[in-house]
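Enquirer: pasting the structure only:
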């Protein structure tokens, strides 16, 4: 059975004066990639494809190097567009905004795209990756919110509680071609 592994990027270094889509991995995030690679090795991905955002691209590149797996980036796999959202506030404020985003998928409530439009963009990008790589297992390194939108839609899950469970990094395994949910690994950290 062919598998699609959707990976949430590792822990970034939060730089408040930069938009989140420009954040890079923290030292801890880079260290966590070793454990992530160990966990992903069991799935033997033929290729690792990452979002263009630095924290996802770094996660994917580090894991690919550790596994000796080809690596590439692709358009459309980025996080929900929050470039115009300003400061994300406290964790509680941020979670409230994300909760509203999931509860109102057709409304522009947070950032520059609705949940529905972010989901469509991401699903189209995933389909393009699958088409470009028609055989073997695929790992796609992306971000928590768009990954949640995709998995919640395909597995009929409540998105907000699922999103809250995902660590940095984490991953889900789906079977292809029907995207049936096989495994959820909420955290790969030992710390």
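Expert: Done, it's in. None of these values were measured; they are calculated from a predicted model. Numbering: from 1, shown residues only.
Enquirer: what is the end-to-end distance of stretch 171-185?
Expert: For stretch 171-185, the first-to-last residue distance is 5 Å (Cα to Cα, to the nearest Å).
Enquirer: tell me the buried residues in it?
Expert: By 16 or more other Cβ atoms under 10 Å, the buried positions in stretch 171-185 come out as 171-174, 179, 185. Where C-beta positions appear, they are placed from N, C-alpha and C, glycine not excepted.
Enquirer: out of these, which sit inside strands?
Expert: Mapping the buried residues of stretch 171-185 onto strands (DSSP state E) picks out 171-174, 185.
Enquirer: and the two most separated of these?
Expert: Checked with Cβ to Cβ, these reach their widest spread between 174 and 185, with 12.5 Å between them.
Enquirer: out of the buried residues of stretch 171-185, which is nearest to residue 63?
Expert: residue 171 (10.2 Å).
Enquirer: contacts only, for residue 101.
Expert: Contacts for residue 101 were tallied using Cβ atoms under 8 Å, 6 or more residues apart in numbering; they are 80, 109-111, 115, 145.
Enquirer: surely residue 133 is in contact with residue 46?
Expert: Yes - in this structure, residue 133 is within contact of residue 46 by Cβ atoms under 8 Å, at 6.7 Å.
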